[in-house]
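Asks: Build me a model from this:
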Amino acid sequence: MKRLLFTLLLPLSFLSCREAPKDFSSVSIGMTKDEVTAAAGEPAKKNELAVIDVWVYPQADRSVIFRKDTVYNIVTSSEARIDSIETSLERTGDKVGSSLNRLGDSLEKTGQQIKDKFRRDTTRN
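Replies: I've put the predicted structure just below:
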C-alpha cells in the first residue's frame with residue numbers, strides 16, 4: 001500500500017514544484033532584467049551588442065532590448081513590425097494632410113485679407 005501511495009504521490013510532488021507559467025504580456029519598457037526574467041522567464045537566446053542586450057523569446061514572438069539594465073524597447077515579429085509601420089505612416093499621412101488643409105485655409109484667409117486691404121486702399125485714392 002505504501003509503495004502504491006508513493007508511486008501516485010511522487011509525480012504529483014513534481015508537478016507542484018514545477019515553475020509557474022510565465023506571462024510575457026506583463027513585460028514593459030522600464031523594467032529591469034530581473035523583473036523581465038521573473039515575468040517572462042529566461043530567454044531562448046541572449047545577444048550582447050555594444051551598449052545593448054537583446055533577449056529573444058520565440059515562444060512569445062518578441063525580443064526585448066535592454067540599455068544598461070533597463071528595457072528600452074520590445075520588438076515583435078517582422079509581420080507585426082510591418083503592420084506597426086503601416087499604421088504609423090497612415091497616422092503621419094493624416095497629420096500631414098490635416099496640416100496642409102489648415103495651411104491652405106490660412107493662405108486663403110490671408111489672400112482675402114490682402115485683396116480687401118488693396119480694395120480699400122485703391123478706393124481711398
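
Asks: C-alpha from now on. contacts and neighbour counts both.
Replies: Will do.

Asks: model confidence over stretch 30-42, on average?
Replies: For stretch 30-42, mean pLDDT is 95.

Asks: and the residue nearest the centre of the chain, what is it in contact with?
Replies: What sits nearest the mean C-alpha location of the chain, by CA atoms, centre = their mean, is Ile74, with 5.9 Å. By CA atoms under 8 Å, 6 or more residues apart in numbering, Ile74 lies in contact with 28-29, 62-65.

Asks: Of the residues you listed, which is the nearest to Leu100?
Replies: Ile29 (34.4 Å; CA to CA).

Asks: Over to that closest one. Which of the three states is it?
Replies: coil (DSSP: H, G, I helix; E, B strand; the rest coil).

Asks: The helix or strand harbouring Thr92 packs against which elements?
Replies: For Thr92, the host element (DSSP states H and E) is helix 78-124. Contacting helix 78-124 under the criterion 3 or more CA pairs under 8 Å, 6 or more residues apart in numbering; DSSP states H and E is no other helix or strand.

Asks: which of the contacts of Ile74 count as buried?
Replies: The neighbour count (16 or more other CA atoms under 10 Å) marks 28, 62-65 as buried among the contacts of Ile74.

Asks: Just the ones of these in strands?
Replies: Under the assignment DSSP state E, the buried ones among the contacts of Ile74 contribute 62-65 to strands.

Asks: Now the two most distant members of those residues.
Replies: Going by CA to CA, the pair spanning these furthest: Arg62 and Ile65, at 9.8 Å.
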